[in-house]
Each structure stands twice: as C-alpha cells, then as structure tokens.
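Novice: need the 3D shape of this:
(chains A, B and C)
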Amino acid sequence: MTGNITDNESENFSWSSDDDVEKEKEVFDTGSSLTTLSAFNGTAEGSSSSGPSSTLFRHFVGAGFSESLVAKAIEENGEGNMDSILNALLTYSALESSPSDALDIEKSSATEQNGDLSKTNNGHSDQKIDADSDFWSSDYDENIPDDLSDSDSCLGMEETCGSLSEKDQKLLFLADMGYPVEEVKIAIERCGPESSLEELADFLCAAQMARASDATYVDPPAKPKLYSDYAKHKKRKLLEYEMRKKKQKGLFEDDEPIRLPKPMIGFGVPTEPCLPFRRTLPEAAIAPPYFYYENVALAPKGVWDTISRFLYDVQPEFVDSKYFCAAARKRGYIHNLPVENRFPLLPLPPRTINEALPLTRKWWPDWDPRTKLNCLQTAIGSAKLTERIRKALEDYEGDPPDHVKKYVLDECRKWNLVWVGRNKVAPLEPDEVEMLLGFPRNHTRGGGISRTDRFKSLGNSFQVDTVAYHLSVLKDLFPGGIKVLSLFSGIGGAEVALHRLGIPLKFVVSVELAEVNRNIQRSWWEQTNQKGILIDIVDVQQLTSDRLEQLINKFGGFDLIIGGSPCNNLAGSNRVSRDGLEGKESSLFFEYIRILDSVKCIMGKKR
DNA sequence: AGTATTATGACCTTGGTT
DNA sequence: AACCAAGGTCATAATACT
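Specialist: Residues are numbered from 1 along each chain as shown, chains lettered A, B, ... in the order given. Take a look at the predicted model:
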C-alpha cells in the first residue's frame, strides 16, 4: 500500500519533492518562524486576549497561503475570527486564480494539485492515475461535444424539474455504468452522500478488483466499452457538478461541507459486513510521522471542514463506537494510517447492554427497547432524577401508561440510566464505564482521584477498541516498538490501545494538563511493566520546536502523533460555551497542528 | 478547600408533512 | 421549499455538603 513508510525509504517523501507550498513552508520555518514562535511562547501568558495568533499565522502559511496574504487577512479580520480569516484567504486565492475556470475550484488548492499530477506520480497517486488516464481512457476530450448533445435530455431534465436528488442521480448513473445497484448504494453510504463520482467509482472499482482476486467470487468480465462511456459521462458530470456548486454557493464558499456517513462506520468496522475500501490520501499527508486526530463527530457546522483543511485536507473517518461496544460514541478521526488489513482487539467486547451488564437483565422492562447505551459523558444522572422516575412508576401495578413510559425512556436515554431493581434505574458506575470504553478495570480508580473526576476523565476519553482497530495496522509496521507523541492524552487511551494490540511502546511523550490524568497514566505504565520511556509534559506550550527537535534528536523521531484536542467547546452537551473552534479549549487544536507541522519539518530536514 | 449534587438549553441532523 | 417535531450530545456553573 502506498502510505507504508518505513525508515529505509525515506528519500521520496513529498516534502522534498516539489511544489510551492512546501518550499514556502521550508523557507518560513528556517526563517521567521523562529522569531514568531519564540515571540508566541514568550508572550502567550501576557497577551491572553487572542491566544495563538502567531500559531494561526504560521499555519495559514503552512496551509499554503502566502505570508503577505495571511498577514493581510489577519489584520483585516482580527486574530480571533478564524472563519473570517479563512474566508478572506479563500477569497484572495479565488481572485488571484482565474475565476472562469470551473474545474480549478474543485479542490481548495486545485492549481497545486494539477501540478502534482503532472509532475509527480509517486506514492498515493497510483489509483488516481489509473482512474484519470488509464481506466476511462482515450477519447476523453474529443467526445465531449456529441456527448453533451446526446445527453442533453438528461441534463435538461435535471436542471428543470430537479426532482432527482443528487444521490439518486449518482446511483442511476453508476448503475447505468453496469455496477449493481446494491453495491452502488453501499458505496454511496460508505463514501457519504456528498462524495464525488470519482470517489464512488474508485470505491466500486476497488471492490471489484478485490473480489476479482477472491477465489470464491467470479467477477463478470470487464467491459472496456463501458469505461470509455464512463469517461464521457464523467467529464460531463464533473462539469455539471461544478456549475451547480458555483451556482449554489458562490465562488468563495468552500467545497461541499463534510457530511456524516450513514451508517457511521468509517472505512469499516469488524462487526459489520462491508466492501473492501481503498483511499487516496492527499499528497501532503503522505509523509512520516503517522498522525491520528480525534474529536466529536457532531461538532458545530463547518468545524470539521476547518479541521480537515488544517490537516492536509484528509477527510475524516467518522465512526460510532456502538459498532465496537455497548455504548454509542460518535467521533471523527483524521489520520494518514493505512486502512487495509485492520483487525480488532480480542476478545470482542460485549455489544449490547444485556451482555455488558447482565445484572440489569432481570429488571429490564420489555417496554424499554434499548440495546445500546448512548454516549458516555462526563456527568451522570442525579439521584433526584432516579427518585422521580421511581415514584412515577410506583403508581402503577403493571405497565405504566404511555406518557409515563415516554417520560422514563426519555430520561433514561438522556442520562444513560440502566435498570437495577423494580422501578429502579441508576446511572452507570465508574468501573462499568471503564469496561465499556475498553480500559482495564480500576484503571481510573484510587490514587487520589475523586469519583466525579473519574467520570470526567472517562467521559473525555477514547473508546479503546475503536481506536485500537484503526491503529492495528501499525503492528506489522513497527514490530520492534513504536515511538509515540501523545497530545492531550488524558487517561492514556491511545497508549492502552497500542499496548493491548501488542505493539511495544518504545518511547512515549505524553502531554496532559490534568495531574489526576497524568497520575493515572503513570500508574498504568508502571503496573503494566512497560519497558520503554514515558516522558510527561504538563502544558502543550512547553513543547516548543526547540524541545521537539531535542526530543527527536535524542530518540530518532516519532512514528505516531496521536491525540484528540479538547471538545468541550464543540460538544452538544455544553449549554454554556459551545463556541466552536474559536472557543478557549478548542484553540488547542492549533497546538496539535503546530506540533504536527513542526515534527514533520524537523524530521523532514533530518532525512 | 475539595467534593458531590443539581439544574441549566442550544444546536444540529433526520424524517416527516404541508 | 418551508416547516415542524423529535432525538441526541467527550458540559458548565451555582449550590450544598463534607
């Protein structure tokens, strides 16, 4: 697979190969970044007004905008308003490039990507090249006119009556190409309703090829004629899509917003059947180290678009942990890990409430249809509430009337209450939460942590089985152990996941502000007889580029940078300060990308 | 002073109807 | 298109209690 990066093939990483973005980054890092960074580190405490301003600057530049434009955008929009800055930058860029060229708007940095395609074919672009040139080959250009003419009816229909949804259009179209309808449906679900025809076709094609190599399945013979037809349709469709996008959103909006997939299983989960999937990473994301970023899936509008933009335009993988355990946990993960040949932690955890909490079975009324818990949060239901529920139920001998059932069920869902006796519901205990999240029993117990803090720490953590499934591909890549930089690591979900996968932890730098969490992780580290080195860092701002360089020099770089930045400004449960990415804690996201970029640069220079 | 308890909506998505 | 209704969400801050 294309992203497999081992130490011995470090020469052809993309940062050294080409393009202006990288050059700019390089120049910037060797030059002014030092001053701005040190200024930032030095004055961060004092100029509390707008936190990571120079970090912002640096990473807008890192994202490919020129320094002067970034400076201008920040000056005009203020440091606090990130969206405005982004909009301004996108506007500048759009104005700079020719606005008449529809295809240039397709990707946010279309011109650079075109350059990439013509210049470099290494790494990830294999499949892309296939799709663009080989597969739907030849008469790409010549046939556009008569293709347009012979498809006018179709086009006109769509534009005038517009009754077909975009999804249905894609479905019909791909079905027309000879793909089975069921497969197309799966592809659309898996790639998301907003996925492009290219993505869908890639998906379907990969599935077919995978099956072709599978002895039990006899693939129908390929039909070359269809593919050339496809080339024509594809061209027209793409143009059409661009037109519609431009019409709907205007020039300055970004691409289609990221949508949540249904079902929310990302590139697959061990418990659900799915087609094999291959993905093509953006060029900029294919370079060591591996990174893995996590946050809540249901963030305010546009947040994931922004996050994705800062993480090299890698699309998030949205996964609901209800496919791994008995509790839901809808999260987005942006990573550059391979997605083939994943395997789950064994034994598979119980996936229903019934199995996970067998003692509740006896008391579970048949009018409570829940089989999964909702998201495990940081706060639990109050005693007053469970008392109210008990009293509401005690008035009736058998089944309560519907309105009481609804009240009880609503509260049970909202607070994840389970049945522990006749007419008695209760919130989960901390050890039950530990188990559901995949942590060893008593992971967060004792050592001076309060019960309240246990719930808080657990509620803020990874679901270990889910993350481990994604990280499982690292086991073959790093048989001798792995060097991890763990940001906002909390109670150490990432470390626990790697450990349970049997991947030796050679070297872990863990950044965590809360002392109770550091204690938990240190305690786990010692109890599991880890042979590697664990370095605690309290504040993420202590991880300056100097410090990073020092650490990298000492231990030879990092293999994996993993972390989820604080979500409390994004989470729906927050009634007070759901401020999006500009929130106080959410801004730590920019520390994540600062550190990721910094490590990439330092490690890049070493090679 | 630290911990436990409690009350406190809003935003987004989805699905349905008008 | 517009509207509505419903479900779900890695939380915060005031208050009470040790």
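
Novice: would you mind listing what in the stretch 301-450 of chain A touches DNA strand C?
Specialist: A:328-331, A:374-375, A:377-379, A:406, A:410, A:413-414 (C-beta under 7 Å from any atom of the strand). The C-beta positions use only the backbone N, C-alpha and C, and glycine is treated the same way.

Novice: just give me the closest of the residues you listed to residue A:68.
Specialist: Ranking those by separation from residue A:68, with C-beta to C-beta as the measure, puts residue A:331 on top at 37.6 Å.

Novice: the closest one: what secondary structure?
Specialist: Here residue A:331 takes the strand state, with states given by DSSP: H, G, I helix; E, B strand; the rest coil.

Novice: isn't it right up against residue A:321?
Specialist: Yes: with contacts counted by C-beta atoms under 8 Å, residue A:331 reaches residue A:321, the gap being 7.1 Å.

Novice: residue A:260 touches residue A:318, doesn't it?
Specialist: Yes: because the distance of 5.4 Å satisfies C-beta under 8 Å, residue A:260 is recorded as touching residue A:318.

Novice: neighbour-wise, which of these two wins?
Specialist: Under the criterion of other C-beta atoms under 10 Å, the comparison of residue A:260 against residue A:318 puts residue A:318 first, with 22 against 15.

Novice: check contacts around that one.
Specialist: With contact set as C-beta atoms under 8 Å, 6 or more residues apart in numbering, residue A:318 has these partners: A:260-261, A:264, A:266, A:297, A:330-333.

Novice: state the pair within the residues of the stretch 301-450 of chain A next to DNA strand C that is farthest apart.
Specialist: A:331 and A:406 (29.1 Å).

Novice: neighbour count winner among the two?
Specialist: Under the neighbour definition other C-beta under 10 Å, residue A:331 and residue A:406 were set side by side, and residue A:331 has more, 24 against 12.

Novice: identify the residues contacting the more buried one.
Specialist: With C-beta under 8 Å, 6+ apart as the criterion, the residues that contact residue A:331 are A:294-297, A:318-321, A:463, A:466, A:564.

Novice: hmm, try it at 7 Å
Specialist: When contacts are counted by C-beta atoms under 7 Å, 6 or more residues apart in numbering, residue A:331 touches A:294-297, A:319.

Novice: one more: residue A:282?
Specialist: A:312-314 are the contacts of residue A:282 under C-beta under 7 Å, 6+ apart.

Novice: if we can go back for a sec, between residue A:260 and residue A:318, what contacts are shared?
Specialist: Taking C-beta under 7 Å, 6+ apart as the criterion, residue A:260 and residue A:318 both touch residue A:297.

Novice: does DNA strand C sit close to stretch A:504-519?
Specialist: No: judged by C-beta under 7 Å from any atom of the strand, stretch A:504-519 stays clear of DNA strand C, getting no closer than 11.8 Å.

Novice: so what touches that stretch?
Specialist: Counting by C-beta under 7 Å, 6+ apart, the neighbours of stretch A:504-519 from elsewhere in the structure are A:447-449, A:453, A:457, A:481-491, A:495, A:498-499, A:521, A:530-540, A:543, A:551, A:555.

Novice: quick one: which of these sit in helices?
Specialist: Of the contacts of stretch A:504-519, the ones assigned to helices by DSSP state H are A:453, A:457, A:495, A:498-499, A:521, A:551, A:555.

Novice: closest to residue A:302 among these?
Specialist: residue A:457 (29.1 Å).

Novice: now do the contacts for the residue of chain A found nearest DNA strand C.
Specialist: When distances are taken as C-beta to the nearest atom of the strand, chain A approaches DNA strand C most closely through residue A:572, which lies 1.8 Å from it. For residue A:572, the contacting residues are residue A:298, by C-beta under 7 Å, 6+ apart.

Novice: what are the phi and psi values for it?
Specialist: Note on residue A:572: its backbone torsions stand at phi -70, psi -20 [degrees, to the nearest 10].

Novice: and it, how far from residue A:296?
Specialist: In this view, residue A:572 and residue A:296 are 8 Å apart by C-beta to C-beta, to the nearest Å.

Novice: for residue A:375, same thing?
Specialist: Counting by C-beta to C-beta, the gap from residue A:375 to residue A:296 is 9 Å.

Novice: again with residue A:518
Specialist: As for residue A:518, its distance to residue A:296 is 23 Å (criterion: C-beta to C-beta).

Novice: strands of the stretch 401-550 of chain A, residue ranges please.
Specialist: According to DSSP state E, counting those that start in this stretch, the stretch 401-550 of chain A carries its strands in the segments A:418-421, A:424-426, A:482-487, A:505-511, A:533-537.

Novice: ok, which of those comes nearest residue A:599?
Specialist: Shortest separation from residue A:599 across these is recorded for strand A:482-487, at 6.8 Å, computed as C-beta to C-beta.

Novice: what is the rounded mean pLDDT of the closest one?
Specialist: Per-residue confidence for strand A:482-487 averages out to 98 on the pLDDT scale.

Novice: that one pairs with which strands?
Specialist: strand A:505-511 (parallel), strand A:560-564 (parallel) (DSSP bridges).

Novice: show the subsequent helix or strand relative to the last one.
Specialist: This means strand A:560-564. helix A:588-606 (DSSP states H and E).

Novice: which parts of the stretch 501-607 of chain A sit against DNA strand B?
Specialist: Counting by C-beta under 7 Å from any atom of the strand, the residues of the stretch 501-607 of chain A that sit close to DNA strand B are A:572-576, A:578.

Novice: and for residue A:581, the neighbour number?
Specialist: Residue crowding around residue A:581 was assessed by other C-beta under 10 Å; the count is 22.

Novice: surely it meets residue A:305?
Specialist: No: under the criterion of C-beta atoms under 7 Å, residue A:581 makes no contact with residue A:305, lying 10.3 Å away.

Novice: which of the contacts of residue A:318 are buried?
Specialist: Applying 16 or more other C-beta atoms under 10 Å to those, the neighbour count classes A:261, A:264, A:266, A:297, A:330-333 as buried.

Novice: reformat these as CSV; add pLDDT.
Specialist: Written out in CSV, the entries for the buried ones among the contacts of residue A:318 read as follows (pLDDT from 0 to 100):
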residue, pLDDT
A:261, 90
A:264, 94
A:266, 93
A:297, 96
A:330, 97
A:331, 97
A:332, 97
A:333, 97
